[in-house]
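One predicted model, sequence on top.
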Amino acid sequence: MKTQIFSGEEMRKTNKRTRVLLIFAGFFAGLVCGCGDARKAEAEDAAHAPSAPVVKVVRRDLNNELEIASEFQPLQEIEVYAKVSGYIKKLYVDWGTHVKKGQILAELEIPELQQQLQQDEASARRSEQDLGRSREELNRAQSVYNVAHLTYARLADVQKSRPELVAQEEIDAAQGKDLEANAGVSSAKDAVSSAEQGLLAAKAALGKDQAMFAYARITAPFDGVVTQIYAYTGSLLPAGTSSNKGDLALCQLSQNNVLRLVIPLPERAVTDVHVGDTVNIEVSGAKNAFTGKIVRLSGQIETQTRTMHTEVQVPNPNYLLVPGMYASVKIPLRSAAQALSIPVQAVQSSGNGQGTVLLVNSSNRVEKREVKLGIETASQAEVLSGLNENEMIIFGEQNQFKAGALVSPQIVTAPAGTE
């Protein structure tokens, strides 16, 4: 074996290189050990990070609806009174009877009015006879006047041509008869005029009583349903022309083929609702779906309730709906197709269409984001800016999480909006 002998200088160099290598080895070992500890600590933090319910930002169709409960009312409802007082002779309706406009509801017996009609008819006939006699008298007076006037004219002509043949007394007598006959004609004409006026008055009285007697037949003023009966056969119905609220009505009539819903429209929805808009109506227990139209708006906000009187008419041709039923009216306000949306539980609104959300980034760290909001439904809010599709945001109470915190995201199913 060959032994290698190093000099002192070579030994010093070798020892120096050895120390350097040992230092680098120790530093590398420490670095490797430190990285391992960091990764281990980070893994332990992630394992102990609180779970956070998150939802994804998605696109969906949004329809903003206003839902208000209201009560069905008849399109119109009246108390049917008698125009003239009388006893009910025949009653043709009862509770729940469906009637058409002009259909007879009841007939009244009014003996005194029947007698008055007979008297009016007799007066009219007498007036016609008086007029006939007056006209005959006028004809007779006209004939007398014609003879007297012709006689006077002839005598006057003879006196002008042959004055010696006719005495002045005869001329004066003929002139007097002429004037008298003329006055008789004028008097006869006045008598005829008076008789004509008397006949008109008699006919007017007859027409009035005939019109009043026609009210003995009480008819329906519109198509409807008899919802209440107040009097029956034999009852005395007073004339409903006075202001006495105690007057007995025959019945209550409701027009139910079209119903009315009166809605207190909130101030915030006034600009989105217009006359002619179609609304969906849900009735508890009803199998059919119903629609109605907004027919009128009061055009004024009630200062106490901050609502506006709004009326919806609902066709009811088959009488499936009954006044007094409660209905849920869904009024469409605004809509957006494929809008970027998030649950309303995931955003903290600050008003004026602004809000904040907590975003969970790719490192599972919480970030606070400002967002601009658009349409808001019962459960969804439209995001106009601040978020991108498929980003994850915390669903629920935001006070439990702070910006920068490490969380363990757990995707949850948020309730769908009005779509």
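It's in.

Can you tell me how far Ala69 is from Lys330?
Between Ala69 and Lys330 the computed distance is 11 Å (C-beta to C-beta, to the nearest Å). All C-beta atoms are positioned from the backbone trio N, CA, C, and that covers glycine.

With neighbour numbers in mind, choose between the two.
Set Ala69 next to Lys330 and count neighbours by other C-beta atoms under 10 Å: Lys330 wins out with 15 against 11.

these two touch, right, Ala141 and Ala181?
Yes - contact criterion C-beta atoms under 8 Å: Ala141 and Ala181 qualify, at 7.0 Å.

Below-threshold pLDDT in the protein: ranges please.
1-47, 242-246, 414-419 (pLDDT under 70).

Could you grab the helix/strand/coil label for Leu131?
helix (DSSP: H, G, I helix; E, B strand; the rest coil).

Tally up the residues packed near it, please.
Counted with other C-beta under 10 Å, Leu131 comes out at 20.

Ala378 now?
12.

Go ahead and measure how far stretch 401-415 is from the middle of the chain.
Relative to its chain's centre, stretch 401-415 lies at 47 Å (C-alpha atoms, centre = their mean, to the nearest Å).

which residues touch that stretch?
Contacts to stretch 401-415, defined as C-beta atoms under 8 Å, 6 or more residues apart in numbering, come from residues 45-46, 49-56, 343, 345-346, 358, 360, 363-368, 379, 392, 394-395.

So which bits of that stretch are buried?
401, 405-407, 409, 414 (16 or more other C-beta atoms under 10 Å).

Equivalent analysis for stretch 67-83, please.
Within stretch 67-83, the residues scored as buried using 16+ other C-beta under 10 Å are 68, 70, 72-75, 77-78, 80-83.

do stretch 378-397 as well
Across stretch 378-397, burial judged by 16+ other C-beta under 10 Å covers 380-383, 386-387, 391-396.

Span of that stretch from start to end?
End-to-end span of stretch 378-397 (C-alpha to C-alpha, to the nearest Å): 18 Å.

Tell me which stretches of the stretch 151-300 of the chain form helices.
Residue ranges of the helices in the stretch 151-300 of the chain, as given by DSSP state H, counting those that start in this stretch, are 168-214.

follow-up on the earlier one: of all pairs in the buried residues of stretch 378-397, which one spans the longest distance?
Glu382 and Gly396 (19.8 Å; C-beta to C-beta).

where's the closest residue to Ala220 other than its chain neighbours relative to Arg217, distance?
Nearest residue to Ala220, sequence neighbours excluded (C-beta to C-beta, 6 or more residues apart in numbering): Val99, at 4.4 Å. Distance from Val99 to Arg217, counting by C-beta to C-beta: 13 Å.

repeat for Gly198
To Arg217, Gly198 is 31 Å away according to C-beta to C-beta.

more crowded one of the two?
Comparing Gly198 with Arg217 by other C-beta under 10 Å, the one with more neighbours is Gly198, at 18 against 14.

my guess is the more buried one meets Gln129, correct?
No - using C-beta under 8 Å, Gly198 is not in contact with Gln129; the gap is 10.6 Å.

Ala336: what's it in contact with?
Going by C-beta under 8 Å, 6+ apart, Ala336 touches 61-62, 374-375, 382.

Among the buried residues of stretch 401-415, find me the one that's closest to Gln115.
Ala414 (83.3 Å).

Direction included, what does the longest strand along the chain pair up with?
Scanning the chain for the longest strand, with DSSP state E as the assignment, gives strand 58-80. Sheet pairing here is set by DSSP bridges, and for strand 58-80 it gives strand 251-266 (antiparallel), strand 326-343 (antiparallel).
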